[in-house]
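[1] Take this sequence and fold it.
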Amino acid sequence: MNKIVKGTLIGLVALGAVAAGAIYYAIGPNLTNEQKEYVYVDEDDNLDSVMNKVESLAHPKTMLGFKALASHGKYGDRIRTGRYAIHPDMTMLQLFRDLRNHQQESIKLVVPTTRTLADFAGRVTKNLMIDSLALVKALTDEKVSAEFGLTQQTMPSLIIPNTYEVLWDMSVDDFMQRMKKEHDKFWNSERLAKAKAHNLDPVQVATLASIVDSESAYNPEKPRIAGLYLNRLKLNMALQSDPTVIYAVGDFSIRRVLNVHLNADSPYNTYKHLGLPPGPIRIPSVAGLEAVLNAEEHGYLYMCAKEDFSGSHNFATTFAQHAANARKYTQALTRRGIMK
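    Numbers count the residues shown, from 1 in each chain. Model (predicted):
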């Protein structure tokens with residue numbers, strides 16, 4: 001028992017019989033007979049709001065113990081944010097100790113792959129105390145990007161999608177530093193060597209991986225797609241990736257890339273500009289990153305979505321073969337009435 005809680009109980013004993021009930025409900029009965037619950041204490045909470053949150057989950061009579069502990073322990077002056085677990089066999093004294101000592105329970109945070117950093121921030125912050133706008137501001141701030149050796153265009157390469165154990169009340173800075181830590185952990189010597197073998201650095205791998213991910217959601221096919229684009233890079237051929245054109249136009253509803261789209265004046269338009277675009281066109285998945293690092297070796301230079309709309313592709317080594325594949329696909333689009 002820590003000194004603060006011990007002193008509080010001694011103080012209650014000194015008050016005599018009036019405090020006997022408070023002592024009993026602090027150290028005696030369980031808070032709840034129900035399943036495990038959580039109390040979320042945020043930056044706007046005060047003593048009353050915390051008590052209301054606890055009372056909504058705990059047995060009503062145990063609140064006598066909480067109020068006494070909070071009063072004598074001056075908890076209202078020392079409220080700390082966090083996600084605190086209420087176990088079925090827990091006493092109010094145990095919960096109060098966790099609240100006072102900031103003994104919160106971590107969460108498993110899913111860090112997703114998304115099209116934009118704004119979408120990413122919105123999805124991640126649903127499970128954190130962080131405000132989504134604050135995270136977007138950090139992710140799109142040139143000064144913040146520079147601190148990580150990146151630019152606003154290359155910032156998506158910092159994120160390595162996975163499931164991480166974090167604290168619910170982590171700050172924006174804590175989140176950014178955690179992403180940096182996981183990024184550096186991912187880019188070990190083995191992966192760096194594989195990237196170098198393709199004449200790429202981690203940012204370039206992430207950029208190419210984002211294109212591969214945008215071309216296909218079918219993971220087994222991704223190493224073949226990565227190999228195709230690496231072939232084009234080696235031959236100094238334009239990548240001519242439709243997803244980069246869609247990104248350049250800024251309309252993700254496009255299902256049929258037309259000539260008007262191919263004329264988009266943007267460094268992300270790989271029909272008009274050689275090499276990789278300035279940065280990832282989405283936050284790449286680990287599968288996409290690994291596909292680039294472990295790209296399939298072959299002679300393919302062309303690909304086109306299959307006309308059966310299965311999500312996989314027809315690959316070709318010559319333009320004539322590719323033209324035939326493209327014709328089948330465009331005809332299938334027309335039959336389905338997909339004109340844009």
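
[2] Assumed Ser253 was part of a strand.
    No: secondary structure of Ser253 (DSSP: H, G, I helix; E, B strand; the rest coil): coil, not part of a strand.

[3] What is the end-to-end distance of stretch 81-91?
    Counting by CA to CA, to the nearest Å, you get 20 Å between the two ends of stretch 81-91.

[4] Rounded mean pLDDT for that stretch, please.
    Mean pLDDT, stretch 81-91: 90.

[5] residues of that stretch that come out buried?
    Buried positions in stretch 81-91, judged by neighbour count with 16 or more other CB atoms under 10 Å: Thr81, Gly82, Arg83, Tyr84, Ile86, Met90, Thr91. (Each C-beta comes from the backbone N, C-alpha and C, glycine too.)

[6] Apart from its neighbours in sequence, what residue is nearest the fifth one?
    So that's Ile86. Glu37 (4.5 Å; CB to CB, 6 or more residues apart in numbering).

[7] separation between the one you found and His87?
    The gap separating Glu37 from His87 is 9 Å, by CB to CB, to the nearest Å.

[8] quick check, Arg152 in a strand?
    One thing to correct before we go on: residue 152 is Gln, not Arg. No: using three-state DSSP, the assignment for Gln152 is coil, not a strand.

[9] who's in contact with the residue nearest the centre of the chain?
    In the chain, the centroid-proximal residue (CA atoms, centre = their mean) is Val111; its distance is 2.4 Å. Contact partners of Val111, counting by CB atoms under 8 Å, 6 or more residues apart in numbering, are Val124, Ile159, Ile160, Pro161, Asn162, Thr163, Tyr164, Met179.

[10] one more time with 6 Å, if that's ok
    Pro161, Asn162 (CB atoms under 6 Å, 6 or more residues apart in numbering).

[11] Now do it against Gly149, distance only.
    For Val111, the distance to Gly149 (CB to CB) stands at 20 Å.

[12] any idea how far Val39 is from the residue lying closest to Asp169 once chain neighbours are set aside?
    Nearest residue to Asp169, sequence neighbours excluded (CB to CB, 6+ apart): Thr81, at 4.1 Å. Separation of Thr81 from Val39 (CB to CB): 11 Å.

[13] same thing with Lys328?
    Taking CB to CB, one finds Lys328 at 59 Å from Val39.

[14] who does the host helix or strand of Lys181 touch, helix- and strand-wise?
    Secondary structure from DSSP states H and E places Lys181 in helix 172-186. Packing contacts for helix 172-186, counted by 3 or more CB pairs under 6 Å, 6 or more residues apart in numbering; DSSP states H and E, involve helix 132-139.

[15] Now Lys36: closest residue in space that isn't a chain neighbour?
    Using CB to CB, 6+ apart, the closest residue to Lys36 is His87 (5.7 Å).

[16] how many other residues sit next to the residue lying closest to Tyr302 once chain neighbours are set aside?
    For Tyr302, ignoring the flanking residues on the chain, the nearest one in space by CB to CB, 6+ apart is His322 at 3.4 Å. By other CB atoms under 10 Å, 18 other residues sit near His322.

[17] Surely His322 is in a helix?
    Yes: assigned with three-state DSSP, His322 falls within a helix.

[18] how much space between it and Asn314?
    From His322 to Asn314 the distance is 8 Å (CB to CB).

[19] what sits up against stretch 227-234?
    Residues contacting stretch 227-234 (CB under 6 Å, 6+ apart): His198, Leu208, Leu239, Ala295, Glu296, His298, Tyr300, Leu301, Met303.

[20] Now do the strands in this protein.
    37-41, 82-86, 107-111, 162-166, 302-305, 313-316 (DSSP state E).

[21] Arrange the ones you listed in CSV, one row each, with distance to Glu55 as further columns.
    Output for these, formatted as CSV (distance: least, CB to CB, whole Å):
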stretch, distance to Glu55
strand 37-41, 10
strand 82-86, 11
strand 107-111, 23
strand 162-166, 28
strand 302-305, 57
strand 313-316, 58
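
[22] can you tell me which of those strands comes nearest to Asn219?
    strand 313-316 (13.3 Å; CB to CB).

[23] name the helices or strands packed onto that closest one?
    Checking 3+ CB pairs under 6 Å, 6+ apart, strand 313-316 ends up next to strand 302-305.

[24] What pairs with the strand it packs on, parallel or antiparallel?
    strand 313-316 (antiparallel) (DSSP bridges).

[25] Let me see the contact set for Phe148.
    By CB under 6 Å, 6+ apart, the neighbours of Phe148 are Leu158, Lys180.

[26] Tell me the pLDDT of the nearest residue to Gln240 once chain neighbours are set aside.
    Spatial nearest neighbour of Gln240, excluding adjacent residues (CB to CB, 6+ apart): Tyr271 at 5.1 Å. Here the pLDDT value assigned to Tyr271 is 94.

[27] thought Tyr271 was touching Leu262?
    Yes: Tyr271 is in contact with Leu262 according to CB atoms under 6 Å; the separation is 4.9 Å.
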